[in-house]
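Student: Pasted the sequence and its predicted model underneath.
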Amino acid sequence: MSKGNRFDNEFKQMIVGLYNSGKSISELTSEYGVSKATVYKWVNLYSPIETPDGEVTTNAEILKLKKQLAEAQEELEILKKAVAIFTKK
């Protein structure tokens, strides 16, 4: 397994949940063997964010959706170019 994927999402979310319920960063790093920087990164990515309409999301979900949107926009541009090519014939 690559270094970046040493911990699965379930574990990361558990650590964030423990942090959000009051465990300190120091407690989490010593108990689970994760660096402080890593815990802070996970807290930033996986802590719940409540939107104005009451939905709950995370920065990780927002980043995932941005990536999907960029891919869909790229595919749409390719399709537009293909349509332009085939309508000329």
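Tutor: All right, it came through fine.

Student: same for the lengthiest helix in the chain, what does it pack against?
Tutor: When the chain is parsed with DSSP state H, its longest helix is helix 59-88. Counting contacts by 3 or more Cβ pairs under 8 Å, 6 or more residues apart in numbering; DSSP states H and E, helix 59-88 is packed against helix 36-46. Glycine gets a C-beta too; all of them are placed from N, C-alpha and C.

Student: Show me how far the helix it packs on is from its chain's centre.
Tutor: Put simply, helix 36-46 sits 11 Å off its chain's centre (Cα atoms, centre = their mean, to the nearest Å).

Student: for it, what is the average pLDDT?
Tutor: The pLDDT scores in helix 36-46 average 96.

Student: Show residues contacting that helix.
Tutor: For helix 36-46, the external contacting residues (Cβ atoms under 8 Å, 6 or more residues apart in numbering) are 12-13, 15-16, 19-20, 25-26, 28-29, 58-60, 63.

Student: Just the buried ones out of the residues you listed, please.
Tutor: K12, Q13, I15, V16, Y19, I25, L28, T29, T58, A60 (16 or more other Cβ atoms under 10 Å).

Student: Could you dump the contacts of helix 36-46 into CSV and include pLDDT?
Tutor: Below are those laid out as CSV (pLDDT from 0 to 100):
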residue, pLDDT
K12, 95
Q13, 94
I15, 96
V16, 96
Y19, 96
N20, 94
I25, 95
S26, 95
L28, 96
T29, 96
T58, 94
N59, 95
A60, 94
L63, 96
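
Student: from these, which is closest to L76?
Tutor: Nearest to L76, judged by Cβ to Cβ, of the contacts of helix 36-46 is L63 at 20.5 Å.
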